[in-house]
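1. Next come a sequence and a model predicted from it.
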Amino acid sequence: MSHIIAPSILAADFANLQRDIEMVNQSEADWFHIDVMDGVFVPNISYGMPVIAAIKKHATKIMDVHLMIVDPDRFIKDFKKVGADILTVHYEACKHLHRTVQAIKLEGMKAGVSLNPHTPVAVLEDIIKDLDLVLIMSVNPGFGGQSFIENTYKKISQLKALIEKSGSNAIIEIDGGVNDKNAEKLVVTGANALVAGSFVFKSQDPMQTIKDLKHLKY
Ligand code: DX5
Ligand code: ZN
């Protein structure tokens, strides 16, 4: 299967959100990546339920929701209601990660866990079989437009080995600073899904940029 491209709506023009959603619908992108920030887990606030519900009204692709919030268990049902297909929580934000993952699946969503740049892959050893997705942060979460952290490649290799050893079906998603300089190496190393915010939406021709990310030469 070819890799998945997930444009991050955080970098869209919020005053022209419907236009940008339609662009993603028409493009070769696979998912909508939707970043939720609470100003506590990360030093920024993005958007919440009403905006996600509005995106869902127009989006024709999978809604990949990335929660950068503390204690996400409080809102699992609400994110299902507003249209999340994949719900990813942060390892660092969950006291009872196993319970949280089960609760996400019980709502009929795919369950993802995200790791901050400083969090080793090995912490997932006892939960990897329960996960549909692991999101490796390749920048510190909170903002779009930051530079890619090179240590990510090592983490992808380690995660790929853990997934293979355990017989997990989890897919590997990379988020932060993805562009045409690192996309190919990320996929060759083992990434299955690439999130791209600024690189897509700040480009001259976002549809073409998505196409280029989708058709890497490897
Ligand atoms: C950062 C978010 C990312 C962000 C990526 O905390 O999780 O999804 O939108 O943006 P770029 O691609 O600009 O680094
Ligand atoms: Zn994200």
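-> Great, that's in hand. Ligands and ions are numbered 1, 2, ... in the order given.

2. residue ranges with poor pLDDT in this structure?
-> 1 (pLDDT under 70).

3. of all of it, which residue lies closest to ligand 1?
-> Ligand 1 sits closest to residue 197 of the chain, with a gap of 2.9 Å, by Cβ to the nearest ligand atom. Glycine gets a C-beta too; all of them are placed from N, C-alpha and C.

4. where exactly do the helices run in this protein?
-> 17-26, 49-58, 76-81, 97-106, 152-166, 183-189, 198-201, 206-214 (DSSP state H).

5. which parts of the third one are buried?
-> Buried residues in helix 76-81, counted by 16 or more other Cβ atoms under 10 Å: 76, 79-80.

6. separation between residue 200 and residue 208?
-> Distance, residue 200 to residue 208, using Cβ to Cβ, to the nearest Å: 10 Å.

7. what about the two, which has more around it?
-> Taking other Cβ atoms under 10 Å, residue 200 and residue 208 do not tie; residue 200 has more neighbours (29 against 13).

8. List the contacts of the one residue in the chain that gets nearest to ligand 2.
-> The nearest approach of the chain to ligand 2 comes at residue 66, 3.7 Å away (Cβ to the ion). Residues counted as contacts of residue 66 (Cβ atoms under 8 Å, 6 or more residues apart in numbering) are 33-36, 88, 112, 114, 135, 175, 195.
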